[in-house]
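K.L.:
Have a look at this prediction, sequence included:
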Amino acid sequence: MYDKLTKKDIALMEAELEDRRLNQRPKIIEEVKRTREFGDLSENYEYKAAKQAQRRNDSRMRYLENMIKTAQIIDDGEENDPSQIGRVKLYDRVTLYLPEDDETMTIQICSVVRVDPDAGFISMESPLGKAVLGASVGDIVKVKVSDSYSYEAEVQAVENAEDDGSAPLMQY
């Protein structure tokens with residue numbers, strides 16, 4: 001996988017993994033035991049639902065373990081780097097003007113595991129994220145969505161921000 005993740009991403013993943021391992025898993029196992037006692041397993045919906053919850057939880061735990069193990073740790077704030085002053089960095093709030101739609105939007109560039117487009121969190125690996133990272137106020141960036149479609153966006157404002165944890169981990 002080798003996804004680029006911040007230390008905060010790893011910490012959130014480790015916290016979720018610990019919660020799933022220590023809190024959720026024992027409850028799910030108890031539910032499986034309890035529903036097994038209801039009788040014929042071929043017609044026991046409660047048992048099937050409990051087993052499905054157990055498989056989903058185990059799958060999520062494997063996913064988190066694998067993401068943590070294979071992550072490439074990146075620095076989410078290069079404020080001390082003089083070459084990055086005034087440029088869009090990870091978790092900065094960016095106001096963009098889209099001339100094609102005559103709209104303004106505010107986004108925050110985040111890592112691939114904390115994406116929530118409805119809340120304005122855009123992945124640094126997305127076409128928009130790639131185009132905006134490193135841009136400065138006044139830059140017009142070209143966002144290449146596919147070989148046949150691209151659009152332009154003007155960076156109107158960059159507000160330095162830090163990862164405040166408000167972008168939740170994505171569920172799959």
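P.N.:
Here it is on my side, so go on.

K.L.:
I'd like to know how far the most centrally placed residue in the chain sits from Ile122.
P.N.:
With distances taken as C-alpha atoms, centre = their mean, the residue of the chain nearest its centroid is Arg114 (1.7 Å). Between Arg114 and Ile122 the computed distance is 10 Å (C-beta to C-beta, to the nearest Å). Yep, even glycine has a C-beta here, placed from its N, CA and C like the rest.

K.L.:
With Gly129 instead?
P.N.:
From Gly129 to Ile122 the distance is 5 Å (C-beta to C-beta).

K.L.:
which neighbours do the two share?
P.N.:
In terms of C-beta atoms under 8 Å, 6 or more residues apart in numbering, Gly129 and Ile122 are both contacted by the residues Ile109.

K.L.:
Other residues contacting stretch 27-43?
P.N.:
So stretch 27-43 is contacted by 44, 46-47, 49-51, 53-54, 57 (C-beta under 8 Å, 6+ apart).

K.L.:
Which of those fall within helices?
P.N.:
Counting by DSSP state H, these place 46-47, 49-51, 53-54, 57 in helices.

K.L.:
Put the buried members of those into a PyMOL selection.
P.N.:
Listed next is the PyMOL selection for buried residues among those, using 16 or more other C-beta atoms under 10 Å:
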select buried, resi 47+50+51+54+57
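
K.L.:
Which two of the ones in helices among the contacts of stretch 27-43 have the greatest separation?
P.N.:
Within those, Glu46 and Asn57 form the most distant pair, 16.5 Å apart (C-beta to C-beta).
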